[in-house]
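> When you get a sec, could you give me coordinates for this:
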Amino acid sequence: MKKGIETYSDYDDAQVRWKLCIRKARGKFTLDEIVEAAREWEEDIYALVLKCLDGEWEETQGDYVELYRLSDMERNGGSWVRRGDEYFCSHCGRKNIRTPFCPNCGYKMGG
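Presented below is the predicted three-dimensional model:
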């Protein structure tokens, strides 16, 4: 791994799951650097979440990213949900079971 890049795991209380944190002391990350750091930590399939909101991040030197393991997730219609979690319709938000159509509102899952 390149000098100045730190990788560690942390618990995300809001998402109730573990995340992989990668911090770069100076400069901005390239996608290749993120991939290399994640592979060195643990080879898996990760999701990079982008928060593109004004004023959301403190101005700090360097760069920081959070990755979530997708191997802990599965597709439910148009959404990714944690394995073992209850499913909710991405259209009406009501509890759902694994069916092609929501039994509450009739929305076609995944479309």
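> Check which residues of stretch 39-49 are buried.
For stretch 39-49, a neighbour-count test (16 or more other CB atoms under 10 Å) marks W41, Y46 as buried. For every residue, glycine as well, the C-beta is placed using N, CA and C.
> what mean pLDDT would you report for it?
With pLDDT averaged residue by residue, stretch 39-49 scores 86.
> Which residues does that stretch contact?
Under the contact criterion CB atoms under 8 Å, 6 or more residues apart in numbering, stretch 39-49 has outside partners 1, 7, 9, 20, 34, 38, 65-71, 73, 80.
> Restricted to buried residues, select those in ChimeraX.
Only the buried members of those enter the following ChimeraX selection, criterion being 16+ other CB under 10 Å:
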select :7,20,34,38,65,66,67,68,69,73
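> from the contacts of stretch 39-49, which ones fall inside strands?
Secondary structure defined by DSSP state E assigns T7, S9, L20, V65, E66, L67, Y68, R69, M73, W80 of the contacts of stretch 39-49 to strands.
> G62 contacts R23, correct?
Yes: using CB atoms under 8 Å, G62 is in contact with R23, at 6.6 Å.
> so can I have JSON lines of the ones in strands among the contacts of stretch 39-49 showing pLDDT?
Written out in JSON lines, the entries for those read as follows (pLDDT from 0 to 100):
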{"residue": "T7", "pLDDT": "92"}
{"residue": "S9", "pLDDT": "90"}
{"residue": "L20", "pLDDT": "90"}
{"residue": "V65", "pLDDT": "89"}
{"residue": "E66", "pLDDT": "89"}
{"residue": "L67", "pLDDT": "89"}
{"residue": "Y68", "pLDDT": "85"}
{"residue": "R69", "pLDDT": "83"}
{"residue": "M73", "pLDDT": "68"}
{"residue": "W80", "pLDDT": "62"}
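> If anything else comes up later, I'll come back, but that's it for now.
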